[in-house]
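Novice: the sequence and its predicted three-dimensional model are supplied below.
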Amino acid sequence: MDNNEVPDNIDETSQNETANLISELSKKGYNYLKEELLDEAEENFYKILEYEPENNYALVGIGDVERKRGHHKKAIEYYKKCLQFHEGNNYALFGLADCYKALQEYAKAIEIWEQYLIHDENNITVLTRVADAYRKVKNFKRSKEVYLKVLEKEADNAYALIGLGHLHYDFKEYEAALKYWEKMMLIHGENIDIRVLTSIGNCHRKLKTFEKGIHYFEQALKSEPNNFYALFGMADCYRGLNNHEKSLEYWLNILETDPDNKVILTRAGDALRNLEQLDKAEEYYKRALNIEFDTYAVLGLALINKNKGNYLEALESLTGLLVNESKNPRLYTEIAECYMELGNKDKAVEILTRFVRTGQRNTRISELLEKLKEE
């Protein structure tokens, strides 16, 4: 052999060494990724790109690193770059769709996941994500179809059952939502996720089956005594049962950890007003209004004035609210009653007639208007 002649196997050996190095770097990178050691993972993936700028494992790996950091737009760049060189790469498609979902760009996420399903139509994880995304864009029919497809493949799939519950709940189909969440209860028993318990409780709250709601919220509070949703549910169920003392107990419990929640301050004011603790109620309404304007806090103060016989002050507040709450029947009845107390029945008839002209119907207003006209 001539001394200047290069053996044929030299290039091949070099290529094998590079391939082995890339394989080792890739393995290390993904192990670091699993351990959430993102900087170390990123370092290994970038080393791969020095050898192979189009390497799919490295491009997806860096995308995954950025996604885990919450840098979704940066992650998208790497997933898209991978797809330029490796069209249809499942891992890049999956990561890309998850980024769009995180950015609440659900239509784009759906488009990508549908592409993924062309290559892997039975992937349950992706199917549930697609169904979730259709739910977010309020496509009830398609969302339900995909969730049910998941249940055909895996009858007890928790994500599909929970998703179907939320889907029906979002569309105010509370009894249908209960069916799916109660199935979760049968499957998981005492190990049920607290979010399922509060969701079932909320269905009963919406259906006005308050006693049943209380049962589930109580179970939730056994797991997490300070869970906001469970405390709110308990308070609202007792409110629905007109048990204002118990309702107040739970509103105050929430305020211990969230003292500046204007909604809860107003609800506490309502409970105190119904318990005829008017001065204390006024204090809570004013605390709410010191945070931010709240229609119900203003209404509460107006009702206190009405209760105390300060009808002109009450009227001023109520008529002010009517500007932005022109479809709220409660305001019309309260204003009419103030005029009646002031002996001005014509004004009472006028305000009730104004409501009727909005095209809405309300039994209480119709009855009151008829009574006034008869008089």
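Specialist: Thanks, I have the structure now. Not measured: the values here are computed from a predicted model.
Novice: from here on, just use CA atoms for contacts and neighbour counts.
Specialist: Will do.
Novice: in CSV, list the C-alpha atoms belonging to the host helix or strand of K141.
Specialist: Secondary structure assigned from DSSP states H and E places K141 in helix 140-153. Extracted as CSV, the C-alpha positions of helix 140-153 are listed here (Å, rounded to 0.1, in the frame of the first residue of the first chain):
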residue,chain,number,x,y,z
PHE,A,140,-69.4,20.3,22.1
LYS,A,141,-70.1,17.7,19.5
ARG,A,142,-66.5,17.0,18.4
SER,A,143,-65.2,17.0,22.0
LYS,A,144,-67.8,14.5,23.1
GLU,A,145,-67.1,12.3,20.1
VAL,A,146,-63.4,12.1,20.9
TYR,A,147,-63.9,11.6,24.6
LEU,A,148,-66.3,8.7,23.8
LYS,A,149,-63.7,7.2,21.4
VAL,A,150,-61.3,7.1,24.3
LEU,A,151,-63.8,5.3,26.5
GLU,A,152,-64.4,2.8,23.8
LYS,A,153,-60.7,1.9,24.0
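Novice: from the chain's centroid, how far away is that helix?
Specialist: Averaging C-alpha positions (C-alpha atoms, centre = their mean, to the nearest Å) puts helix 140-153 20 Å from its chain's average.
Novice: do the same with stretch 271-285
Specialist: That offset, for stretch 271-285, works out to 31 Å (C-alpha atoms, centre = their mean).
Novice: same check, this time on stretch 123-130
Specialist: Using C-alpha atoms, centre = their mean, the offset of stretch 123-130 from its chain centre is 19 Å.
Novice: circling back to that earlier point, report all helices and strands that the helix holding K141 contacts.
Specialist: helix 124-136, helix 158-170 (3 or more C-alpha pairs under 8 Å, 6 or more residues apart in numbering; DSSP states H and E).
Novice: and those as CSV, adding mean neighbour count, mean pLDDT and distance to R330?
Specialist: As requested, the helices and strands packed on helix 140-153 are exported to CSV (neighbours: other C-alpha atoms under 10 Å; pLDDT from 0 to 100; distance: least, C-alpha to C-alpha, whole Å):
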stretch, mean neighbour count, mean pLDDT, distance to R330
helix 124-136, 22, 93, 33
helix 158-170, 22, 94, 26
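Novice: okay, those helices in JSON lines with distance to L83 next?
Specialist: Converted to JSON lines, those look like this (distance: least, C-alpha to C-alpha, whole Å):
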{"stretch": "helix 124-136", "distance to L83": "18"}
{"stretch": "helix 158-170", "distance to L83": "28"}
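Novice: so which of those helices is nearest E40?
Specialist: Closest to E40 of the helices and strands packed on helix 140-153, according to C-alpha to C-alpha: helix 124-136, at 27.9 Å.
Novice: what's the angle from the closest one to helix 140-153?
Specialist: Interaxial angle, helix 124-136 versus helix 140-153 (axes from the mean of the first three to the mean of the last three C-alpha atoms, to 10 degrees): 160 degrees.
Novice: got the CA positions of helix 124-136 in CSV?
Specialist: This file holds the C-alpha atoms of helix 124-136, laid out as CSV (Å, rounded to 0.1, in the frame of the first residue of the first chain):
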residue,chain,number,x,y,z
ILE,A,124,-55.2,7.7,24.1
THR,A,125,-53.0,10.5,25.5
VAL,A,126,-53.3,12.5,22.3
LEU,A,127,-57.0,11.7,21.9
THR,A,128,-57.8,13.1,25.4
ARG,A,129,-55.8,16.2,24.6
VAL,A,130,-57.7,16.7,21.4
ALA,A,131,-61.0,16.3,23.2
ASP,A,132,-59.9,18.8,25.9
ALA,A,133,-59.0,21.3,23.2
TYR,A,134,-62.3,21.0,21.4
ARG,A,135,-64.0,21.6,24.8
LYS,A,136,-62.0,24.8,25.2
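Novice: give me the contacts around that helix.
Specialist: Contacts to helix 124-136, defined as C-alpha atoms under 8 Å, 6 or more residues apart in numbering, come from residues 94, 101, 106-107, 109-110, 113-114, 116-117, 140, 142-147, 150, 159-160, 163, 167.
Novice: domain-wise, how is the chain divided?
Specialist: The chain breaks down by automatic domain parsing into domains covering 23-118, 122-189, 309-375.
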